[in-house]
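Colleague: I need the structure of the sequence given here:
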Amino acid sequence: MAAKKSTKAAAAKEETKVEDVVTEVTEEAKTAKKPAAKKAAKAKEPKFNVTIEYLEKNITVDELIEAVKEAYKANGNVDAIETVDVYYQPENNKVYYVVNGEAQEEPVNV
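Modeller: Numbers count the residues shown, from 1 in each chain. Next up, the predicted model:
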């Protein structure tokens with residue numbers, strides 16, 4: 001009868017080992033999927049360079065934004081800029097803008 005007890009104990013031990021191996025494999029599979037998903041999510045947005053051409057004039061969007069920032073500071077404004085709406089009129093080479101919901105009176109010549 002001692003042999004039957006040791007056989008049952010060995011069988012129980014084997015079942016535990018099998019369960020541990022299955023758990024390990026399952027955990028490895030879960031962690032193996034995560035890095036691939038993160039790599040796909042980290043795809044970079046393309047950088048856009050926009051140039052406006054009108055009557056032999058060229059200006060980039062970045063240049064318009066810088067001109068608005070400089071004009072805003074030059075007008076004595078010290079408030080942090082949260083939002084900016086820019087309206088470019090290439091026919092008269094002027095940029096009108098609204099900062100933080102407040103229209104600025106003087107347009108920028110670019």
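
Colleague: any idea how many residues pack against the nearest residue to Lys94 once chain neighbours are set aside?
Modeller: Distance criterion Cβ to Cβ, 6 or more residues apart in numbering; nearest residue to Lys94, sequence neighbours excluded, is Pro107 at 4.2 Å. For glycine as for every other residue, the C-beta is placed from the backbone atoms N, C-alpha and C. For Pro107, the number of neighbouring residues by other Cβ atoms under 10 Å comes to 17.

Colleague: so Pro107 versus Pro46, what's the distance?
Modeller: Going from Pro107 to Pro46 by Cβ to Cβ, to the nearest Å gives 31 Å.

Colleague: now Tyr88
Modeller: Tyr88 is 23 Å from Pro46, by Cβ to Cβ.

Colleague: neighbour-wise, which of the two wins?
Modeller: The residue with more neighbours, out of Tyr88 and Pro46, is Tyr88; 19 against 5, by other Cβ under 10 Å.

Colleague: ok, the more buried one - contacts?
Modeller: 52, 59, 64, 94-95, 110 (Cβ atoms under 8 Å, 6 or more residues apart in numbering).

Colleague: if you rank the residues you listed by neighbours, which is first?
Modeller: Top of the contacts of Tyr88 by neighbour count (other Cβ under 10 Å): Val95, with 21 neighbours.

Colleague: care to break this protein down by domain?
Modeller: 1-43, 51-109 (automatic domain parsing).

Colleague: what's the least confident stretch among those?
Modeller: In terms of mean pLDDT, the lowest-scoring of those is domain 1-43 (a mean of 63).

Colleague: helices along this protein, start to end?
Modeller: For the chain, applying DSSP state H gives helices covering 2-41, 61-74.

Colleague: gap between Gly101 and Asn75?
Modeller: For Gly101 relative to Asn75 (Cβ to Cβ), the value is 16 Å.
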